[in-house]
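Asks: Would you be able to build a 3D model of this:
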Amino acid sequence: MTAMPMAPEAAAALRTLLQRQPIAALGTLHRGEPYVSMAPFALEPVGPALLIHVSGLSPHTRDMREHPRVSLLVVAPDDGGRPQARPRATIQGDASPLDRDSDRYAQARALYLRRFPEAVDTFALADFSLFAIRPVALRFIGGFAQAVSLTPEVFARALREV
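Replies: Here you go, the predicted structure:
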């Protein structure tokens with residue numbers, strides 16, 4: 001896919017969606033079958049990557065360790081209009097756990113807790129891990145008939161534009 005620039009209006013709409021919607025649907029491969037769960041996420045600006053904090057007791061955590069390729073779907077809230085016109089982003093990426101002793105983990109933890117301060121207690125639990133999902137392909141639907149496919153590079157630029 002050629003890395004073409006994203007229209008400024010579409011980039012702004014994508015940024016707004018990811019900043020306002022704290023929850024994504026996380027798709028993993030579970031025993032050879034698709035599996036979807038709910039995952040609160042924070043957006044790491046460098047890279048960028050999406051950060052999720054998950055329990056080792058959850059099937060999706062085991063799934064990511066076995067098959068790191070995942071998909072996230074972030075959808076705007078219902079505004080009473082046509083469901084097909086709701087802005088949404090599908091992000092395919094590679095999930096990897098962050099090493100608790102790394103500087104990146106400390107920075108990611110702080111970023112995640114800024115968005116979800118109520119999650120502070122789960123960081124003390126040994127079975128929880130912080131995963132970074134590095135995008136490899138993205139699809140943004142800004143509204144009805146407003147679809148664009150993005151490379152990770154175009155996605156990163158769109159998030160930096162002001």
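
Asks: got any ranges where this protein has weak pLDDT?
Replies: 1-4, 161-162 (pLDDT under 70).

Asks: That one: strands as residue ranges?
Replies: Counting by DSSP state E, the chain has strands at residues 23-30, 33-40, 42-44, 49-55, 69-75, 88-97, 128-141, 147-150.

Asks: most tightly surrounded among these?
Replies: strand 49-55 (a mean of 21; mean count of other C-beta atoms under 10 Å). Where C-beta positions appear, they are placed from N, C-alpha and C, glycine not excepted.

Asks: that older thread, could you provide the strands of the chain in TSV, with additional columns for distance to Ala106?
Replies: What follows is the strands of the chain, written out as TSV (distance: least, C-beta to C-beta, whole Å):
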stretch	distance to Ala106
strand 23-30	23
strand 33-40	19
strand 42-44	13
strand 49-55	12
strand 69-75	23
strand 88-97	15
strand 128-141	10
strand 147-150	29
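
Asks: right, so of those, which gets closest to Ala156?
Replies: strand 128-141 (8.5 Å; C-beta to C-beta).

Asks: So Phe94 sits against Phe131, correct?
Replies: I think there's a mix-up here, since residue 94 is Asp and not Phe. No: using C-beta atoms under 8 Å, Asp94 is not in contact with Phe131, being 10.0 Å away.

Asks: that older thread, so which of the strands of the chain gets nearest Leu159?
Replies: By C-beta to C-beta (comparing all of those), the closest turns out to be strand 42-44, at 7.3 Å.

Asks: Now do the closest one: everything it contacts.
Replies: Here strand 42-44 makes contact (C-beta atoms under 8 Å, 6 or more residues apart in numbering) with 18-19, 49-51, 108, 111-112, 114-116, 132, 159.

Asks: Pull the contacting residues for the most centrally placed residue in the chain.
Replies: Nearest to the mean C-alpha position of the chain, counting by C-alpha atoms, centre = their mean, stands Leu50 at 4.1 Å. Going by C-beta under 8 Å, 6+ apart, Leu50 touches 24, 41-44, 72, 91, 93, 132-133, 135.
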